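Trainee: Starting from these lines, generate the structure:
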Amino acid sequence: MIKTFVSNSFARFAGLRLVLLSPTAYAVGYRSAARFASFVVVLLTLVALTTCSTHHGEEVDTTAIPEVTVAKVQRVRLQTKIVVNGNLAGLPNRDAKLAPLVPGRIARVLVTEGDRVSAGQVLAELENAQLKDQERQAEAAVAQAEANLENARASAKRNENLLQRGIAARKEVEDARTQLAVSEAAHRQASAAFSVAKSQLGRAEIRAPFAGTVVRRFLGVGDQVDGSGGQPVVEVAAIEALELLGTVPANRLNDIKTGETFKFTTDAAPGATFEARVVAALPAVDPATNNGTVRVRIQNPKRLLKLGQYLSLELPSKESSPRLVVPKQAIYPGESGEPHVYVVKGEEADMVPVVVGAQTGEQAEIISGVSDGDSVIVNGGYGLPEKSKVRVKGSTAQ
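Mentor: Predicted coordinates:
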């Protein structure tokens, strides 16, 4: 209608221009021009109103109600996997870093990495000439003390006989007894000193405390050691069985079957199958990470797995009781990373913070925040405010 009105108005204006060309009609044309100017003002006002109306319609379009798909919160048995990662270590008391217990210079190292050793085998020796001299000196002191002891015994016995025969005085007998006691004490002291010297000589040798494999060699011939455990020469471990100490979220510790034997394969030893057993879930939890530790013992008879190697294992888990689950797509991260879902009631969607538990490939356990039977948004929830009107266009099966 407005377009027709504008067209007719311009036609009238064209006619007016023709009239204005006539000098005799100048006055009439002037009055017509004034009327036309007023008309143009009205026309522009109508056009502006039409434009505003169009823009208002566009704003309505931008506030259209979003369409979403929803799914029901269900209580089901969640088939979860418990995966632990960690580095392989020796069994308790079957992995030792060995150092000499006396200071000195290393004279010989008799093994190298990869050598298998037996319990008690000598692995390295220090220069021990001085220690041997101390041992011989202590041994000589023992021999001297033994001689003095035998002489004191004989003297005491002789004086006892003379006293019985009335030849020796009682004081001589008492002096002999005292000398015997002193000689016995000196002999014990000399024997102890000899034992210490012999022990010190033995400490200059490093022996394997158990049968195993030399996994590391830290020092070599000519290196000086101070006699403390901070300077090991070699490390020996029994690697026919190893342990993996893996971390598990605290809320999954009770789901692990301890004592259960299982088999696994790993890319670390392609083509080989290993047998393992969950020994224990340690009773303490790290408060900083809220993770617990699980000990998994792995049989390694062919020594294919190496000490310190990184492995990832899937542990056997107990059959869980029914839990509240939702599709993983229904969980949205907040601005600070906390998870939340949108619960739909009628045409209203409310953002609800949740605590997420175990997860599978498609489902996630919700520990708190929703109830069985609630409808949650699966698709279309990104960017929604805390409360929003929505239009449900379908539901998603879990």
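
Trainee: which residue ranges form the helices in the stretch 51-200 of the chain?
Mentor: Here the stretch 51-200 of the chain has its helices, by DSSP state H, counting those that start in this stretch, at 129-164, 170-203.

Trainee: okay if I get the ones you listed as a markdown table plus distance to Gly361?
Mentor: C-beta coordinates here come from the backbone N, C-alpha and C atoms, glycine included. Listed next are those as a markdown table, based on distance: least, Cβ to Cβ, whole Å:
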| stretch | distance to Gly361 |
| --- | --- |
| helix 129-164 | 66 |
| helix 170-203 | 59 |
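
Trainee: okay if I get these as CSV plus distance to Gly357 and mean pLDDT?
Mentor: Formatted as CSV, those follow (distance: least, Cβ to Cβ, whole Å; pLDDT from 0 to 100):
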stretch, distance to Gly357, mean pLDDT
helix 129-164, 63, 89
helix 170-203, 55, 90
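
Trainee: Which one, of the ones you listed, ends up nearest to Asn85?
Mentor: Nearest to Asn85 among these is helix 170-203; the distance by Cβ to Cβ comes to 40.6 Å.

Trainee: Contact partners for Ala241?
Mentor: Applying Cβ atoms under 8 Å, 6 or more residues apart in numbering to Ala241 gives the contacts Leu91, Arg94, Arg297, Ile298, Gln299, Asn300.

Trainee: Looking at neighbours, which among the residues you listed is most surrounded?
Mentor: Asn300 (21 neighbours; other Cβ atoms under 10 Å).

Trainee: quick revisit: which of the helices of the stretch 51-200 of the chain sits closest to Val76?
Mentor: Closest among the helices of the stretch 51-200 of the chain, once you apply Cβ to Cβ, is helix 170-203, at 64.7 Å.

Trainee: So which bits of the closest one are buried?
Mentor: Buried positions in helix 170-203, judged by neighbour count with 16 or more other Cβ atoms under 10 Å: 173, 176, 179-180, 183, 186-187, 190-191, 193-194, 197, 200-201, 203.

Trainee: Kindly calculate the angle that that helix makes with helix 129-164.
Mentor: 160 degrees (axes from the mean of the first three to the mean of the last three Cα atoms, to 10 degrees).

Trainee: which element follows helix 170-203 toward the C-terminus?
Mentor: Using DSSP states H and E, the helix or strand that follows helix 170-203 towards the C-terminus is strand 205-207.

Trainee: which parts of that next one are buried?
Mentor: For strand 205-207, by 16+ other Cβ under 10 Å, it's Glu205, Ile206.

Trainee: repeat for stretch 151-170
Mentor: Buried-residue list, stretch 151-170, by 16+ other Cβ under 10 Å: Ala152, Ser155, Ala156, Asn159, Leu163, Ala168.

Trainee: from the residues you listed, which is closest to Pro353?
Mentor: Ala152 (90.9 Å).

Trainee: can you pull the contacts of that closest one?
Mentor: Contacts of Ala152 by Cβ under 8 Å, 6+ apart are Ala176, Gln179, Leu180, Val182, Ser183, Glu184.

Trainee: now, the most widely separated pair of those?
Mentor: Farthest pair in these, by Cβ to Cβ: Ala176 and Glu184, 12.8 Å.

Trainee: Distance-wise, check Lys157 relative to Val182.
Mentor: Distance of Lys157 to Val182, given as Cβ to Cβ, to the nearest Å: 16 Å.

Trainee: Who does the residue most central in space within the chain form a beta bridge with?
Mentor: What sits nearest the mean C-alpha location of the chain, by Cα atoms, centre = their mean, is Thr247, with 5.0 Å. Judged by DSSP bridges, the bridge partners of Thr247 are Thr293.

Trainee: show me what contacts it?
Mentor: Val84, Asn85, Gly86, Asp286, Thr289, Asn291, Gly292, Thr293, Val294.

Trainee: Just the buried ones from the residues you listed?
Mentor: Val84, Gly86, Asn291, Gly292, Thr293, Val294.

Trainee: In those, find the pair that's most separated.
Mentor: Among the buried ones among the contacts of Thr247, the pair separated by the greatest distance (Cβ to Cβ) is Gly86 and Gly292, at 12.5 Å.

Trainee: residues in contact with the residue lying closest to Val73 once chain neighbours are set aside?
Mentor: Counting by Cβ to Cβ, 6 or more residues apart in numbering, Val73 lies nearest to Asp374, which is 4.5 Å off, once chain neighbours are set aside. Asp374 makes contact with Lys72, Val73, Val343, according to Cβ under 8 Å, 6+ apart.

Trainee: And for Leu305?
Mentor: Contacts for Leu305 were tallied using Cβ under 8 Å, 6+ apart; they are Leu88, Ile239, Leu242, Thr266, Ala268, Ala269, Phe274, Ile298, Leu311.

Trainee: now do 7 Å
Mentor: Leu305 is in contact with Leu88, Leu242, Ala268, Ala269, Ile298, counting by Cβ atoms under 7 Å, 6 or more residues apart in numbering.

Trainee: I figured the first one was touching Leu313, is that so?
Mentor: Meaning Leu88. No. Using Cβ atoms under 7 Å, Leu88 makes no contact with Leu313, being 10.7 Å away.
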